[in-house]
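[1] Model the following, please.
(chains A and B)
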Amino acid sequence: MKHIELIQLLYQHRDIIDKAFMGESFDDLPKELVKDVPIFQKVAKKYELSEAYFEFANTMLKRVDANYRFGDYNEEIKLLIELKEIYQETTDKTILARMKSAVKTLYKKIEQRDTLINSRINDIVNDNELSIELIIKEAQDIDDRIGELIIAHSENLKILGTELRGLENSFDEILVDIRLDLIPLTQNIHTYNEKLSDFILRTQKRKRENKQLMAIANKIIKEQDHELKAMLLSNHQLYLHTFKENKRGLVKSFPEPYELKRESFLELLVKSLEIKRVEKKAIVSKPYEKSQDVIFKSINIKRIEKDICNSKPQNIFEYILSHDEIQKFKPENQEKIYAFKTYLTIVQNYRDNVVLESNYLNNVKVAKWI
Amino acid sequence: MDIAKAFEILSQGKIISANSSKYSELANMLLNDSFFEEFKETLNLIGYRLIGEDGYYYIAKKGKLTQGEQQLFIDKNKELILAIALLRQLYPRLDRGGVIHFLQVVSQYVNIQKENGSIKDKLSYFSWNKNKDDEKEILEHFFKYLEKNNILEKESENISDKYRVLNSISYYLSIVESVEKGDNDA
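    Numbering: from 1, shown residues only, chains lettered A, B, ... in the order given. You can find the predicted model right below:
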């Protein structure tokens, strides 16, 4: 089968392959998916995607299986050293060609490993499904493996940088280029190590905090929180002061839209707005009262002035008080108030005709008309 | 933003977190050393302390607490510690800066409750919990309560489901650590 035919086959059966990639297994499959190419494997009488396909798909999608073990590539390095010895003995150019190919493949694998380690760390950091204990364990395992890889990588760099050099110029050039390309990957592996170590420390701290929180929460629920109370009260000057909320003048806030949608609110509203049937001839209490007549009274001051001019009284206030224009306020007991107001008006307006005595009668300065 | 405005906000008993969007202006002012010192001095004159640590700020009282204040102080801290214990039971790795979605919390609560009924005891503890049967409603109240106490903040007013955990969570975790440390030392 040619490569283009393989691509066509994959495309033709894309739905089945995708379901299998999501974890589905099949009792039966088209022959070409089982016999012609090993895309599927029979496991416990069911067909599942082969490991080779998973590895290919995960690599292309930059995903990494949780059980994937990152390679240290010691075998590849051993092979390169063996090939070097054979070449030194034989100076066979085909051996050198194999060495060039092996070095390039090794670089591709290291680069691929870098991508996969990054993906795996991101998976661990963002995984919210696994328990905190398992997350710490997985992170610790990966971190330990990265530690091993750092040592192996450092050894591999020495071999690529010194031991394999000096065989042939074009091979040396490849080794130099690859060594340069490996610099960022070397930095990355140390960064992953730091990132993961930091993550493990933070997660362990959270695990410790959670244990303490659960212990104290149980004590609070059981009212056995004396230590918490004692600690808070003895150090209150270090902790947030709880200001008492002022309840005066509080206006109840309008309900939020989501509160309005709530069933309990709607039930309450229906109850509040319940319409009661009323009998047609039911006695209805009268909500209105007949208003009383309002009587407006006024003083005809011109008339009082005229009478004063004619009578020329010796005590103007007493005269006004007894005048019938003022006496009409007697039912409301307001005759003295109106008499005094009128007295002030007349005394003010007729200064030339009024003489103010030095004595008082009924607390009012005596004034006489002249 | 001036000292009067800062006092108006902090004197409501709020913890202001540096990662809060709602109080970003105040948080930025408090990050300014000269403003912090001036505010601290002012509060000191009227018997309070301004405390700023680990990315959050609050006011503490210097003098003795009255009996009423003591009760309020204890009750509020207890409820909030319990609230954070509940949050961590739902999301063991949740911490400052983390993001949670309300609907995910409801579904997580339902899942955990199936396996461990004791989680309901924590929700039942809260004084505001009047309707003890409607869990979605209780959790809505729970979120409002955490929002009111400046532990959670909506990421955006337009997305009502997404909340950010503020730095103030560390304040309550530090109290728990101090108590447990005291226990272990004893």
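
[2] and the longest helix for the chain?
    Unless you meant another one, I'm taking chain A. For chain A, the helix with the greatest residue count under DSSP state H is helix A:169-221.

[3] You answered for a different chain; I wanted chain B.
    The longest helix of chain B (DSSP H) is helix B:67-90.

[4] Quick one: mean pLDDT over the longest helix of chain A.
    For helix A:169-221, the mean per-residue pLDDT is 91.

[5] can you check stretch B:61-68 too?
    86.

[6] Run through the strands of the chain in chain order.
    You didn't say which chain, so I picked chain A. A:40-43, A:46-49, A:354-361, A:364-369 (DSSP state E).

[7] actually it's chain B I care about, not the one you picked
    B:16-17, B:48-53, B:56-61, B:99-101, B:152-154, B:162-165.

[8] Ramachandran angles for the closest residue in space to A:K84 that isn't next to it in sequence?
    Counting by Cβ to Cβ, 6 or more residues apart in numbering or on different chains, the nearest residue to A:K84 once its immediate chain neighbours are dropped is A:L164, at 6.0 Å. In short, each C-beta sits where N, CA and C put it, glycine included. Note on A:L164: its backbone torsions stand at phi -90, psi -10 [degrees, to the nearest 10].

[9] distance of A:L164 from A:E48?
    Noted for A:L164: a distance of 41 Å to A:E48, by Cβ to Cβ, to the nearest Å.

[10] how many degrees apart are the longest helix of chain A and helix B:67-90 in direction?
    For helix A:169-221 against helix B:67-90, the angle by axes from the mean of the first three to the mean of the last three Cα atoms, to 10 degrees is 140 degrees.

[11] Pull the distance from helix A:169-221 to the chain's centre.
    Distance of helix A:169-221 from the chain centroid (Cα atoms, centre = their mean, to the nearest Å) equals 27 Å.

[12] If you drop the residues flanking it in sequence, what lies closest to B:L31?
    Using Cβ to Cβ, 6+ apart, the nearest residue to B:L31 is B:A18, at 6.8 Å.

[13] ok, how many other residues are close to the one you found?
    20 (other Cβ atoms under 10 Å in any protein chain shown).

[14] Repeat that for A:D92.
    Going by other Cβ under 10 Å, the residues that sit close to A:D92 add up to 12.

[15] dump the residue contacts of it.
    A:I86 (Cβ atoms under 8 Å, 6 or more residues apart in numbering or on different chains).

[16] residue ranges of the helices in the stretch 1-150 of chain A, please?
    Per DSSP state H, counting those that start in this stretch, the stretch 1-150 of chain A carries helices over the ranges A:3-12, A:14-21, A:31, A:51-60, A:74-90, A:93-126, A:132-158.

[17] Need those helices in TSV (columns: distance to A:I337 and mean pLDDT).
    As requested, these are exported to TSV (distance: least, Cβ to Cβ, whole Å; pLDDT from 0 to 100):
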stretch	distance to A:I337	mean pLDDT
helix A:3-12	109	91
helix A:14-21	101	91
helix A:31	120	83
helix A:51-60	104	84
helix A:74-90	117	91
helix A:93-126	88	90
helix A:132-158	87	89
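
[18] need those helices in CSV with mean neighbour count and distance to A:K306, can you?
    Below are the helices of the stretch 1-150 of chain A laid out as CSV (neighbours: other Cβ atoms under 10 Å in any protein chain shown; distance: least, Cβ to Cβ, whole Å):
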stretch, mean neighbour count, distance to A:K306
helix A:3-12, 12, 122
helix A:14-21, 15, 117
helix A:31, 8, 135
helix A:51-60, 13, 120
helix A:74-90, 14, 135
helix A:93-126, 16, 105
helix A:132-158, 16, 106
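
[19] want to throw those helices into JSON lines with distance to B:K22?
    Formatted as JSON lines, these follow (distance: least, Cβ to Cβ, whole Å):
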{"stretch": "helix A:3-12", "distance to B:K22": "52"}
{"stretch": "helix A:14-21", "distance to B:K22": "45"}
{"stretch": "helix A:31", "distance to B:K22": "64"}
{"stretch": "helix A:51-60", "distance to B:K22": "43"}
{"stretch": "helix A:74-90", "distance to B:K22": "56"}
{"stretch": "helix A:93-126", "distance to B:K22": "27"}
{"stretch": "helix A:132-158", "distance to B:K22": "30"}
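
[20] now for the ones you listed, which one comes closest to B:Q104?
    In terms of Cβ to Cβ, the element of the helices of the stretch 1-150 of chain A nearest to B:Q104 is helix A:93-126, at 14.0 Å.

[21] what's the spacing between that closest one and its chain's center?
    Per Cα atoms, centre = their mean, the centroid offset for helix A:93-126 relative to its chain is 40 Å.

[22] what's the answer for stretch B:104-112, then?
    On Cα atoms, centre = their mean, the centre of stretch B:104-112 falls 21 Å from that of its chain.

[23] do that stretch and chain A meet at all?
    No - Stretch B:104-112 lies out of reach of chain A by Cβ under 8 Å from any Cβ of the partner chain, never closer than 8.9 Å.

[24] List the buried residues of that stretch.
    Neighbour-count burial for stretch B:104-112 flags B:105-106, B:108-109, B:112 (criterion: 16 or more other Cβ atoms under 10 Å in any protein chain shown).

[25] closest to chain A among the residues you listed?
    Looking at those and their distance to chain A, the nearest is B:Q108, at 9.0 Å (Cβ to the nearest Cβ).

[26] B:R164 and B:H101 touch, don't they?
    No - if you go by Cβ atoms under 8 Å, B:R164 and B:H101 don't touch, sitting 11.1 Å apart.

[27] Give me the more crowded residue out of these two.
    Between B:R164 and B:H101, counted using other Cβ under 10 Å, the more crowded position is B:R164 (18 against 14).

[28] mind checking how far that one is from chain A?
    B:R164 sits 16 Å away from chain A when distances are taken as Cβ to the nearest Cβ, to the nearest Å.

[29] Tell me who's in contact with that residue.
    B:19, B:21, B:97-99, B:152-155.

[30] Whichever of those end up buried, select them in PyMOL.
    The PyMOL selection below is limited to those of the contacts of B:R164 classed as buried (16+ other Cβ under 10 Å):
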select buried, chain B and resi 19+152+153+154+155
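
[31] could I get the contacts of B:R164 as a markdown table with distance to A:K365?
    Shown next, in a markdown table, are these (distance: Cβ to Cβ, whole Å):
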| residue | distance to A:K365 |
| --- | --- |
| B:N19 | 80 |
| B:S21 | 76 |
| B:G97 | 86 |
| B:G98 | 87 |
| B:V99 | 86 |
| B:L152 | 78 |
| B:E153 | 76 |
| B:K154 | 77 |
| B:E155 | 81 |
